[in-house]
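Need the 3D shape of this:
(chains A and B)
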Amino acid sequence: MSGAIGTLSVAELGHYALVLALALMLVQSSVPLIGIRWRDERLIAVSGTTPIVGFGFVAIAFAALVAAHVTSDFSVLNVFENSNSAQPLLFKITGVWGNHEGSMLLWVLILSFFGALVAGFGSNLPSALRARALAVQGWIGSAFLIFILLTSNPFARLDPAPLQGRDLNPILQDIGLAIHPPLLYLGYVGFSIAFSFAVAALLEGRTDAAWARWVRPWTLVAWMFLTAGIAMGSYWAYYELGWGGWWFWDPVENASFMPWLAGTALLHSAVVMEKRGALKVWTVLLAILTFSLSLLGTFLVRSGVLTSVHAFATDPTRGVFILAILMLFIGGALALFAIRAPEMKQGGLFAPISREGALVFNNLFLVAAVSTVFVGTLYPLALEALAGDKISVGAPFFHLTFVPLMIPLLLALPFGPLLGWKRGDLLGAAQRLGAAMAAAILAAVATAVATGAKGALAPFGLALGVWILVGSLVDLAERVALFRAPARITLSRLVGLPRSALGTVVAHFGMGVCVLGIVTASAFSTEEIVAMKPGDTVDVGAYTLLFQGNAPATGPNYREERALFVVSRGGKQEFSLAPAKRFYTARQSSTTEAAIKTIGFSQIYLSLGDRMENGAQAVRASYKPLVTLIWLGALVMAFGGALSLSDRRLRVGAPRRAALRKAAEAGA
Amino acid sequence: MTTNTTPLILRRFFTSVVRGSLCSHLTMRGVKKPRRGGMVHLGTRRLGGFIGAFFLALALLSPAFAVQPDEQLADPVLEARARDISEGLRCLVCQNQSIDDSNAPLARDLRLLVRERLEAGDSDQEVRDYLVARYGDFILLKPPFAWRTLLLWLTPLGVLVVGAIVAFSRRRRGSREREGLSGDEEEALARILRQE
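A predicted model of the protein is given here:
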């Protein structure tokens, strides 16, 4: 075992690097601001390098923790509590962030990574704006580094070192842990850039279209990652939990969903600000709110206040610390906003029926949706703390409040891109959307007929999905003048289409795909819960599942019992499925490993329950039509974001290169 | 260097979370104890925890499905109603999980109770009322509309209405400004007024 006293120990190296990183963060948050005050360019220039070096030190600390986990150094408390030498290498590594201390370190790593990116690629920013934004970034980083060092040190030691670790929570021993948290954090923390720029703009007392052009790509990056991260988390829950649910309106999910909703609103309002100079004050406020919601999420989950108010009371150190950080940054930013916002000039007038109006509509409904999730998540906590009353807020509440807010938003979605700036033509847009309307009505009628007109919800939902899908295609067709111009022109228009416009089309299309998936999977899934003995069959969808029997197996740190099923369709054997129940010895706990077969976009989902007293195996089998569209749709949305990001106009550093090119041409 | 800096209480709490015994912290005030047995224990299978859970809504939910074959009613219509009601009832010892999703022993008891009442001829609402009378509003995942939940239910609508009013009045003021003075003119006016 490495890390023995007397040798150079990786853990202390990491701890030391973390302290150095804090020192650099403090420099980053103060020196350039002094430079601005003293008008000293050399001091301001400090913000060009410190974030990069600071990121380097955080990365060293993170690498040290990874090394401690990989080498199973159980003299480190964090490794002892969350790792086991029998674990596969992948889970030893992912276990680094599968716990409180490690995940906070990942949080700071990503924060400093974004800071380094701004420092590295921000050379075309006004130096004062960059210095201020990075100083704000430094404040956040410092606060969280102090939090880690004082309350959540991942490098805390154990003496004597235990011989074996406690193992990672079995539910986390999955490839999902490798992908989901880093993606989610890239999104969550990525919004800090928008926040820092917003605060910097308030400090400067001015914002303009150039500011929006700067903030939008960073917001897009964060939004993309958050979209993919949430989708990934949802799929992970779906296959890992064993009963096929994909969204639970759980407070922890809500904590990541709120920044997503606010970030989506921010993306849209930033467009208005960039293109038309309107909604400046609102966009700045949204930038602050979006990251505030990320911070709130961090507080909710990290303080333990969600798990129970009592848990929070037993160990309030961490919770109170994060709460202090939360109030400092949110309160400070909002106070600054209240002081400075009235000085900002509103610009860009527009009629209610216009592109701007549509985007305001979008913001209105998204913000109402955020507030719904917000009260739904926090109201029970507040009520218990203030009145001692206990209530529960779960999925049925959100179905009644959140869903109705989404419907007008989604209905209006295809209109937005077809309306002109300043003053739009609603009737004209409606006419151009004729194809989408026809397709939607057709979908509704077809569904109603196919299901025997049971309930209006499924036909309506499907029509909504189709409406958005075809609507986004109409947007594309309009832009390339499909069928109105010769094919050659259409093609050249398609090639010349700005990537950001294409991104809009793709992201909206993804939204439609997602809606279709949600509706079909919710309305048409079939499920059978049965007790089966070898030789028994059960039918789901068009498939027949034959249970053959159980077979034991062993993995590196678990034992499992597999159940073998042969699946046939129309009497023809097609494939076999083997769901399992796993028992992890180190933690004395078990998990259910569902067996999932994807057929087209649909899935057969098979999971095991308990053994019955008579020896029969409890089985839950379901057929979920088009269920994968839920996550594919989200990925398409994220891809739309990536397309938009690759737009030449937004490409980081593009304006300067363009200016250089022009200068070169002028010189030649 | 920091071997002993972690307070004992923190470590103990941490360990209890890791071990998944977190639900034992969740004794409830104002909630009657379940029929059989006092404290409800969740097996080791119920993995508790916010440990590593920032990103893990799923860690808060128990693996393995809840409704077991032997619980189901023979009458499919009645069973469908039971599932429907179950989805709206909270497993009292879990974190925001419905009894339909939870495999805690208490959830099973409640599922059986729901089915018992349905077989006895209760309407859906009567079943819910029966459970609320026993366990309080806490059991409903959709809280009742009452004075103390007014803010909860009305916030979405309130934000929408206030937002719409603000957006609309902004626009109106904006269009009035267009008829009035331009920004530069107003600045000039303010300058003159200050001088006086």
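
And the residue of the stretch 1-150 of chain A closest to chain B?
Residue of the stretch 1-150 of chain A nearest chain B, by Cβ to the nearest Cβ: residue A:98 (4.1 Å). Glycine gets a C-beta too; all of them are placed from N, C-alpha and C.

Please list all residues in contact with that residue.
Going by Cβ atoms under 8 Å, 6 or more residues apart in numbering or on different chains, residue A:98 touches A:82, A:168-169, A:172, A:177, A:181, B:52.

same question, residue A:272
A:278-279, A:283, A:348, A:355-356, A:359-360.

can you rerun that using 10 Å?
Contact analysis of residue A:272 by Cβ atoms under 10 Å, 6 or more residues apart in numbering or on different chains lists A:212, A:278-280, A:282-283, A:348, A:350, A:354-360, A:362-363, A:421.

Among these, which lie within helices?
If you go by DSSP state H, the contacts of residue A:272 have A:212, A:280, A:282-283, A:355-360, A:362-363 in helices.

residues contacting the nearest residue to residue A:510 once chain neighbours are set aside?
Distances taken as Cβ to Cβ, 6 or more residues apart in numbering or on different chains place residue A:636 nearest to residue A:510, at 3.1 Å, with adjacent residues excluded. Taking Cβ under 10 Å, 6+ apart, we find residue A:636 in contact with A:227, A:506-514, A:629.

List phi and psi for the closest residue to chain B within the stretch 251-400 of chain A.
Here the residue of the stretch 251-400 of chain A nearest chain B is residue A:394; by Cβ to the nearest Cβ that distance is 3.0 Å. When read as degrees, to the nearest 10, the backbone of residue A:394 gives phi -130, psi -160.

on that earlier part again, dump the ones in helices among the contacts of residue A:272 into TSV; add pLDDT, distance to residue B:124 and neighbour count as well.
Below are these laid out as TSV (pLDDT from 0 to 100; distance: Cβ to Cβ, whole Å; neighbours: other Cβ atoms under 10 Å in any protein chain shown):
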residue	pLDDT	distance to residue B:124	neighbour count
A:212	85	52	26
A:280	86	52	24
A:282	90	44	22
A:283	92	47	29
A:355	91	47	22
A:356	90	47	29
A:357	90	43	23
A:358	93	41	23
A:359	93	43	25
A:360	92	41	25
A:362	95	38	21
A:363	95	39	23
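
which among these are in contact with chain B?
A:282, A:356-357, A:360, A:363 (Cβ under 10 Å from any Cβ of the partner chain).

May I see these organised as a markdown table, with distance to residue A:248 added?
As requested, those are exported to a markdown table (distance: Cβ to Cβ, whole Å):
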| residue | distance to residue A:248 |
| --- | --- |
| A:282 | 32 |
| A:356 | 36 |
| A:357 | 35 |
| A:360 | 32 |
| A:363 | 27 |
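
Mind picking the two most distant members of the residues you listed?
A:282 and A:357 (13.6 Å; Cβ to Cβ).

shared neighbours of the two, which are they?
Each of A:272, B:167 lies in contact with both residue A:282 and residue A:357 under the rule Cβ under 10 Å, 6+ apart.

For residue A:62, give me phi and psi.
Backbone torsions of residue A:62, given as degrees, to the nearest 10, read phi -60, psi -40.

Contact partners for it?
Contacts for residue A:62 (Cβ under 10 Å, 6+ apart) come out as A:14, A:17-18, A:96-97, A:102, A:105-106, A:108-110, A:112, A:154.

Pull the contacting residues for the residue in the stretch 401-550 of chain A positioned nearest to chain B.
Across the stretch 401-550 of chain A, no residue is closer to chain B than residue A:531, which sits at 4.0 Å (Cβ to the nearest Cβ). Shown in contact with residue A:531 (Cβ under 10 Å, 6+ apart): A:609-619, B:68-70, B:72.
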